[in-house]
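J.: Fold the following for me, if possible:
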Amino acid sequence: MAEADPPSESEVQPQTPPPTEHIVLPRRQLVLAMAAVMGAMFLASIDQTIVATATPRIISDLGGFDRYSWVTTAYLVASVTIMPVVGRLTDMYGRKWFYIPGIAVFLLGSALAGLSQNMDQLIIFRGVQGLGAGVMMANGFIAIGDLFPPNQRAKFLGLITATFGMASIIGPTLGGFITDALSWHWIFYINLPLGIPLIFLFIRYFPDVRRGGKHHIDYPGIVLLVFTVVPLLLGLSWGGVNYPWGSTQVIGALVLSVVMGGAFIWTELRSPEPIVPLFLFRDRIVGLSLLAVFLSAFGLYGGIMFVPLFFQGVLGTSATTSGSFLTPMMLGVVAGSLTSGQALARLGGHYKVQALIGLGLMSVGYFLMSLMSPETSRITAVLFTVVMGIGLGSTMPVFTTTMQNAVPFRYIGIATTATQFFRAVGGAVGLAVLGSFMVRRFASGVDQFVDPALRDTLPPGTLESITANPQALVNPEALERLQTALIEAGTPPGVGEQLLESLRGGLSLAITDGFLLLLGFVMAAFVVMLFVRQVPLRSRRSR
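T.: Modelled structure (predicted):
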């Protein structure tokens, strides 16, 4: 059967159409509505990072070290999976009455997570949290389309992106402070007094904009989308971490995702009102922009993965210090997003040019970072990461603005969440590729830096165990155990220090080559954006 044609204007025209101008709200209502949106985005974003510094205390209380990675995975999978579903349903029924239950589910998950008595409960309740957070994060970007006209959205999207960046900076520090001052339970309970007022702000001040008419909910599409996305994200997060890439679990999850993805596409082509209108992807601006988002996401998540590893494993800083060195990069993201959003709104809306500038800065940043070595000063390394961060931040509001400007208003929700979805999936794929690359390159790098004479003095299997797990270089306890094992094996004095220097050289080579790989993906996104057509930002919204 042929693909269903895009709905005609008569088929999707609401009985009570929204105004063609942006929603004009009294200034006080607009400010409070925007404050509610930013508050919800902050809560959802900070919960992605606030748990990290509470990890030792949580494991000490609940046990389940072997399953702890699921605490993050459950939140990520749930939030990413729900985004496209929410995007489409809010196009049909409005944002407000999805926003409020989303916050309520997030707060319920927070309360239950704080009450968890074992690791399995915490994982389940983090998944509940993730569902609510996905609704909040998706609507955070979509809501800008309800509140502002297309030619003004970019500067407010910049604010939303900056909120996300600030949450990433504050989260680990706040999590550590709350855990030390109160207990790890309060990193979840703290959401309740912050989130409940947001519900009242949304009820009172957020506009209720809905399309009229009856709608068909694509239940088969929703189910198949879930069974496509969940196995994909699980397979990518498991590979090389929980299970080998060639394991039955990883291969099975990825194969299931491909099969369900095919069934999803088949269903969507025949649905009268699909959860993901595939005909939107035929638009050149939409398709190429999403490809650029996917490729540039490698740079986003790769930077967050590799930068702390370089500071800890190569320059020898502590985990706390390396986190403080990541802060300037995230401040660069915040500055870039704010500046880019303002420039896009004030200087004619040249989103293509600004995307190219942002991707160009990212490329320069990653090139400079690829030149780093164990001899690089910390301040130099920080400056290089800031350049990359500014470029990254500059692209984030631009891509969302491009998508919102390219589609009719009735599809703004699904177009916006498609941007977030492709960024999240691109990041997951990027981390999988980079993680595998780093392990392989580290092994070959160690071979280059460890001379044969040193190798002959080491106990059998020493290098193999280290190269299989580069994270050991950032674990002080693991390094201390290595030094002890070398002494007990009767190795000559100074071998431990010489080995550590060689290992850091190998890790430096692996990471800087990883930066070159990221540079390649970002430059590919740059090339893709060259083919995106520039369309003037509308001052009125198209239905």
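
J.: now the helices: where do they sit in the stretch 201-350 of the chain?
T.: 219-238, 248-268, 284-309, 319-346 (DSSP state H, counting those that start in this stretch).

J.: residue closest to the middle of this structure?
T.: The chain has residue 424 as the residue nearest its centroid, 4.9 Å off, counting by C-alpha atoms, centre = their mean.

J.: Could you pull up the residues touching that one?
T.: Neighbouring residues of residue 424 by C-beta atoms under 8 Å, 6 or more residues apart in numbering: 76, 80, 83, 297. All C-beta atoms are positioned from the backbone trio N, CA, C, and that covers glycine.

J.: Next, the buried residues of the helix or strand where the third one lies.
T.: Okay, so that is residue 83. In the assignment (DSSP states H and E), residue 83 maps to helix 69-93. Neighbour-count burial for helix 69-93, counted by 16 or more other C-beta atoms under 10 Å, picks out 70-92.

J.: What count of nearby residues applies to the closest residue to residue 281 other than its chain neighbours?
T.: Distances taken as C-beta to C-beta, 6 or more residues apart in numbering put residue 287 closest to residue 281, at 5.1 Å, once the chain neighbours are dropped. Residues lying near residue 287 (other C-beta atoms under 10 Å) number 15.

J.: Touching, residue 287 and residue 278? I think so.
T.: No: applying C-beta atoms under 8 Å as the test, residue 287 and residue 278 come out as separate, 10.7 Å apart.

J.: Could you pull up phi and psi at residue 376?
T.: When quoted as degrees, to the nearest 10, the phi and psi of residue 376 stand at phi -70, psi 130.

J.: gap between it and residue 189?
T.: 42 Å (C-beta to C-beta, to the nearest Å).

J.: Just give me the neighbour total for residue 299.
T.: 28.

J.: Return the list of helices and strands in contact with whichever helix or strand residue 399 is part of.
T.: Here residue 399 sits within helix 378-406, counting by DSSP H and E. Of the remaining helices and strands, those touching helix 378-406 by 3 or more C-beta pairs under 8 Å, 6 or more residues apart in numbering; DSSP states H and E are helix 119-147, helix 150-181, helix 284-309, helix 319-346, helix 351-370, helix 412-449.

J.: hmm, 10 Å instead?
T.: Using 3 or more C-beta pairs under 10 Å, 6 or more residues apart in numbering; DSSP states H and E as the contact test, the elements touching helix 378-406 are helix 119-147, helix 150-181, helix 284-309, helix 319-346, helix 351-370, helix 412-449, helix 495-530.

J.: nearest to residue 264, of these?
T.: helix 412-449 (13.2 Å; C-beta to C-beta).

J.: So for the closest one, mean pLDDT?
T.: Taken as a whole, helix 412-449 carries a mean pLDDT of 80.

J.: how much does it deviate in direction from helix 119-147?
T.: Going by axes from the mean of the first three to the mean of the last three C-alpha atoms, to 10 degrees, helix 412-449 is angled at 130 degrees with respect to helix 119-147.

J.: Same question for helix 412-449: list its buried residues.
T.: 412-435, 438-439, 441-443, 445-446, 449.

J.: re earlier: how about the helix holding residue 399: buried residues?
T.: In helix 378-406, counting by 16+ other C-beta under 10 Å, buried: 381-382, 384-406.

J.: Is it correct that residue 105 is in contact with residue 86?
T.: No: using C-beta atoms under 10 Å, residue 105 makes no contact with residue 86, being 11.4 Å away.

J.: joint contacts of those two?
T.: Residues touching both residue 105 and residue 86 (C-beta atoms under 10 Å, 6 or more residues apart in numbering) are 131, 134-136.

J.: Residue 135 and residue 142, how far apart?
T.: Distance from residue 135 to residue 142, counting by C-beta to C-beta: 10 Å.

J.: Settle it for me: which of those two has more neighbours?
T.: Legend: neighbour count by other C-beta under 10 Å for residue 135 and residue 142, higher for residue 135 (30 against 27).

J.: How about that one: what's its closest non-neighbour residue?
T.: Residue 135 sits nearest to residue 102 (C-beta to C-beta, 6+ apart), 2.8 Å away.

J.: How is this protein partitioned into domains?
T.: 22-212, 218-272, 280-543 (automatic domain parsing).

J.: can you give me the mean pLDDT across the second one?
T.: Per-region confidence: domain 218-272 scores 87 on mean pLDDT.

J.: now swap in stretch 385-396 and tell me
T.: Across stretch 385-396, the per-residue pLDDT values average to 90.

J.: what separates it from the chain centre, distance-wise?
T.: Computed by C-alpha atoms, centre = their mean, to the nearest Å, the chain-centroid distance of stretch 385-396 equals 15 Å.

J.: Next: stretch 256-268.
T.: 24 Å.

J.: try stretch 146-162
T.: 19 Å.

J.: Buried residues in it, which are they?
T.: Those would be 146-148, 150-162, for stretch 146-162 by 16+ other C-beta under 10 Å.

J.: before we move on, what about stretch 245-257?
T.: Buried residues in stretch 245-257, counted by 16+ other C-beta under 10 Å: 250, 253-254, 256-257.

J.: so where's this protein shaky on pLDDT?
T.: Where the chain drops to pLDDT under 70, the residues are 1-23, 53, 56, 64-69, 210-213, 241, 318-323, 348-349, 449-496, 537-543.

J.: I'd like to know how many residues surround residue 523.
T.: Residue 523 has 18 nearby residues by other C-beta under 10 Å.

J.: so it sits right up against residue 360, yeah?
T.: Yes: Residue 523 is in contact with residue 360 according to C-beta under 10 Å; the separation is 9.1 Å.

J.: before we move on, the earlier item: just put the contacts of residue 424 in JSON lines and tack on distance to residue 326.
T.: Formatted as JSON lines, the contacts of residue 424 follow (distance: C-beta to C-beta, whole Å):
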{"residue": "76", "distance to residue 326": "19"}
{"residue": "80", "distance to residue 326": "23"}
{"residue": "83", "distance to residue 326": "25"}
{"residue": "297", "distance to residue 326": "18"}
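
J.: Closest to residue 60 out of the residues you listed?
T.: Distance to residue 60, by C-beta to C-beta, is smallest for residue 76 among those, at 23.8 Å.

J.: need the contact list for the closest one.
T.: Residues counted as contacts of residue 76 (C-beta under 10 Å, 6+ apart) are 48, 126-127, 130, 133-134, 233-234, 237, 424, 427-428.

J.: What subset of these is buried?
T.: Buried among the contacts of residue 76 by 16+ other C-beta under 10 Å: 48, 126-127, 130, 133-134, 233-234, 237, 424, 427-428.

J.: Distance check, residue 223 against residue 402.
T.: Relative to residue 402, residue 223 is positioned 31 Å away (C-beta to C-beta).

J.: gap between residue 94 and residue 145?
T.: For residue 94, the distance to residue 145 - C-beta to C-beta - is 12 Å.
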